[in-house]
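A.B. asks: here is a sequence with its predicted model. Questions after.
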Amino acid sequence: MNKIGFSTGSIYKIADKYNPASFDLFKKLGKDVIEICLNDCLEVERLDNITCEVKKFSYRSIHFPSNGIIYRDDEETNKIIQKIEKFYLETNANVAIIHPDLVEDWQVFRKYNLNWAIENMDDRKESYKTVEDLKRFFEENPNWNFVLDLNHCYSNDKTMLLADDMINNFRNKIIHYHLSGCFELHDPLFETKQDFIIDYSRKVNVPIVIESVFNSLDGIEKELDYINNSWQKKKSFNNSSI
């Protein structure tokens, strides 16, 4: 059974994602997976406020800033990594995720002993969204892991054959999933009704991080219920077909 939980980015419209009460909300749902989503470099300064909250979860992921930075071996990048490394070590995090299209010099990451991972990119990006792109990356960086974003797969290929290909080629690299619906960006699945995206989240037994963005607090519970019901329907169908 896959562990499942949320990205803190999923509540950015409705709550302060660095308020301890936000973490209490996720814990009350009985979920033990959390991903700290740093939208930009300014948010790094708020990490010290949530160390104790993050340590309450058994699977802890840190998503490096994806806006306002290009990663290269310069003072700015090293300063950001050093600050996040401190938080990573204090919380005993499981993985640190980078958007690969933002990297100009991969050498900088070799200075830091974190469990690094990249994720596949969506259709707005020019690279790191095909199996061929990822094969080249992992050949050059064999120690890196992979976060499979199912929303990004769908944005590039509505048949989801791309997701199949990525699972078949990188199964041993996948450290966790990103899961959300896809009409525009990261939409709630209980609204998009895209059960076929949910189906892929059970093909590898790794944690699942829900990235759906909610407009109200009750959307969080609705999303969990929808995903669980989708899994149960799939399980019942498979059992009836035996």
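C.D. replies: Nice, thanks for sending it over. Numbering: from 1, shown residues only.
A.B. asks: check contacts around Val209.
C.D. replies: 4-7, 33, 35, 61, 147, 176-179 (CB atoms under 8 Å, 6 or more residues apart in numbering). Heads up, the C-betas are built off the backbone N, CA and C, glycines and all.
A.B. asks: which non-adjacent residue is nearest Asp32?
C.D. replies: Excluding its sequence neighbours, the residue lying closest to Asp32 (CB to CB, 6 or more residues apart in numbering) is Ser58, at 4.5 Å.
A.B. asks: mind checking the SS state of the residue nearest to the spatial centre of the chain?
C.D. replies: Taking CA atoms, centre = their mean, the centroid of the chain lies closest to His178, which sits 4.2 Å from it. With DSSP: H, G, I helix; E, B strand; the rest coil as the basis, His178 sits in strand.
A.B. asks: show me what it is bridged to.
C.D. replies: Per DSSP bridges, the residues bridged to His178 are Asp149, Val209.
A.B. asks: list the contacts for it?
C.D. replies: Neighbours of His178 in contact, by CB under 8 Å, 6+ apart: 7, 119, 147-152, 209, 211.
A.B. asks: looking at these, which one is closest to Asp195?
C.D. replies: Of all the contacts of His178, Asp195 sits closest to Leu150, with 11.9 Å by CB to CB.
A.B. asks: circling back: redo the contacts of Val209 as TSV? Include pLDDT and distance to Asp199.
C.D. replies: Shown next, in TSV, are those (pLDDT from 0 to 100; distance: CB to CB, whole Å):
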residue	pLDDT	distance to Asp199
Ile4	96	15
Gly5	97	19
Phe6	97	20
Ser7	98	20
Val33	97	19
Glu35	98	21
Ser61	98	22
Val147	98	18
His176	98	17
Tyr177	98	12
His178	98	15
Leu179	98	11
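A.B. asks: count of neighbours near the residue nearest to Asp32?
C.D. replies: By the criterion of other CB atoms under 10 Å, Ser58 has 13 neighbours.
A.B. asks: got it, and Ile84?
C.D. replies: By the measure other CB under 10 Å, the count of residues near Ile84 is 23.
A.B. asks: what does the one 4 residues further on give?
C.D. replies: Here the count is done by other CB under 10 Å, and Tyr88 has 22 residues near it.
A.B. asks: separation between it and Trp106?
C.D. replies: Distance from Tyr88 to Trp106, counting by CB to CB, to the nearest Å: 18 Å.
A.B. asks: ok, now which ones touch the residue nearest to Asp32?
C.D. replies: Contact analysis of Ser58 by CB under 8 Å, 6+ apart lists 3, 32-33.
A.B. asks: next: Glu35.
C.D. replies: So Glu35 contacts 5-9, 60-63, 97, 209 (CB under 8 Å, 6+ apart).
A.B. asks: which pLDDT value goes with the residue nearest to Gln194 when sequence neighbours are not counted?
C.D. replies: Among residues not flanking Gln194 along the chain, Gly181 sits closest, at 5.1 Å (CB to CB, 6+ apart). Looking at Gly181, its pLDDT stands at 98.
A.B. asks: my read: Gly181 touches Ile198, true?
C.D. replies: No. Applying CB atoms under 8 Å, one finds Gly181 not in contact with Ile198, separated by 9.0 Å.
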